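Peer 1: next one to model:
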Amino acid sequence: MTLRMGLAGTGYWADTAHAAAIERAPSWELSAVWGRDPARARALADRHGASAAGADFDAFLAEVDAVTFAVPPQVQADLAARAIAAGKHVALEKPIALDQASADRLVSAAESRGVATTVMFTMMFDPRMRAITELAGDGRWQGGAGLWLGSALNDENPFNTPWRHDKGALWDVGPHAVAALWRTIGPITGVRAAVREGELTHVVFAHEEGRTSTCSMTLRAPDPADGFSTFVWGAGGRLDLPVDDVDSVASFTSAFEQLAGLVRTGDRVHACDIRFGADVVGVLAMVERELER
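Peer 2: Alright, predicted model coming up:
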């Protein structure tokens, strides 16, 4: 049976990644689009074949089995809580919230209602990354380093949005960087140091068993320098992770299909579920506290 997906959001990423992936995902149909601007919601719905669209979130929830979110994190946290309370499964954008308390409330709500969850860590749904992380639990990687040079805050970039100006690279590309390092080197247990130079942020992460990694990130890199890289190293050598040439629509299609599997089997544990999303928020919050000291 085909499941009904609702899309909350009408911006660039909602259109080019979320809606495009839902159209590809065999288990789902796009049934409804929600947006604060009803006209934009209707236009996106028409482009992707959804029958319902509008600004009434409760009416939107009545049309769907699950919701995928493409809205700013502070908006997502409130809407996702309402969707979960209504018993809807959720595919959350990263970060799932902008503080630990809000993230923990979403986890508690999801566990209480028994809904299936995924968090759209794009790179983590790439089959190459999945193959690497499936072999990462044996401690083979002793450390790693990431360089995340984004240009989202440059003029004319479709990701040049108010929340990114407010929260910067730490909360935008930071979740991807943390997820990649956590799933390869091991859980992050602390922040050893953090330095901010304008919008450029440098972080040292402490992992379990004394392992460490580093990451530098910005959203104001010159356009020619834009790109992401992360490598891990250990006794087996050095491995570059596939974080810069990921097909977002293919990854999102995989994420939606994995969510459908959770819905159908009743399993509620996933490597990129809401609990892991909250773990990542916890790391980002630790860094933010260090930056404010």
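Peer 1: which parts of the stretch 151-293 of the chain are strands?
Peer 2: 188-197, 200-207, 212-218, 227-234, 237-240 (DSSP state E, counting those that start in this stretch).
Peer 1: and the residue nearest the centre of the chain, how far from A225?
Peer 2: The centre of the chain sits closest to K94, judged by CA atoms, centre = their mean, with a distance of 2.8 Å. With distances taken as CB to CB, to the nearest Å, K94 is found 23 Å from A225. All C-beta spots, glycine's among them, are computed from the backbone N, C-alpha and C.
Peer 1: what comes up buried for stretch 123-132?
Peer 2: Neighbour-count burial for stretch 123-132, with 16 or more other CB atoms under 10 Å as criterion, is recorded at M123, M124, F125, D126, M129, R130, I132.
Peer 1: contacts only, for the residue lying farthest from the centre of the chain.
Peer 2: What lies farthest from the middle of the chain is A235; by CA atoms, centre = their mean that is 30.5 Å. A235 is in contact with R140, Q142, counting by CB atoms under 8 Å, 6 or more residues apart in numbering.
Peer 1: for the remainder of this discussion, apply numbering that starts at 58.
Peer 2: Shifting the count to begin at 58 puts that one at A292.
Peer 1: quick check: phi and psi at it.
Peer 2: Phi and psi for A292, reported as degrees, to the nearest 10, are phi -60, psi -30.
Peer 1: then E213?
Peer 2: phi 70, psi 0.
Peer 1: which phi and psi does the residue nearest to the centre of the chain have?
Peer 2: phi -90, psi 150.
Peer 1: what are the ranges of the helices in the stretch 158-307 of the chain?
Peer 2: 184-191, 219-229, 231-242, 305-322 (DSSP state H, counting those that start in this stretch).
Peer 1: residue ranges with poor pLDDT in the stretch 208-350 of the chain?
Peer 2: Filtered on pLDDT under 70, the stretch 208-350 of the chain yields no residues whatsoever.
Peer 1: W198 bridge partners, please.
Peer 2: When assigned by DSSP bridges, W198 has beta-bridge partners G291.
Peer 1: for it, report the pLDDT, please.
Peer 2: As predicted, W198 sits at a pLDDT of 94.
Peer 1: domain map for the chain?
Peer 2: The record, using automatic domain parsing to delimit domains, assigns the chain the ranges 60-180+305-330, 184-301.
Peer 1: end-to-end on the last one?
Peer 2: Distance across domain 184-301, first residue to last, is 14 Å (CA to CA, to the nearest Å).
Peer 1: the longest one now?
Peer 2: Domain 60-180+305-330 has an end-to-end distance of 19 Å (CA to CA).
Peer 1: off-centre distance for that domain?
Peer 2: 11 Å (CA atoms, centre = their mean, to the nearest Å).
Peer 1: stretch 283-292 now?
Peer 2: Counting by CA atoms, centre = their mean, stretch 283-292 comes out at 19 Å from the chain centroid.
Peer 1: quick one: contacts for the closest residue to I331 other than its chain neighbours?
Peer 2: Among residues not flanking I331 along the chain, T174 sits closest, at 3.9 Å (CB to CB, 6 or more residues apart in numbering). Contact analysis of T174 by CB under 8 Å, 6+ apart lists H146, V147, A148, L149, A167, L316, L319, R325, H327, D330, I331, G334.
Peer 1: what about the fifth one, neighbour count?
Peer 2: The burial metric for A167, expressed as a neighbour count using other CB atoms under 10 Å, is 25.
Peer 1: swap in the third one?
Peer 2: Around A148 there are 27 other residues, counting by other CB under 10 Å.
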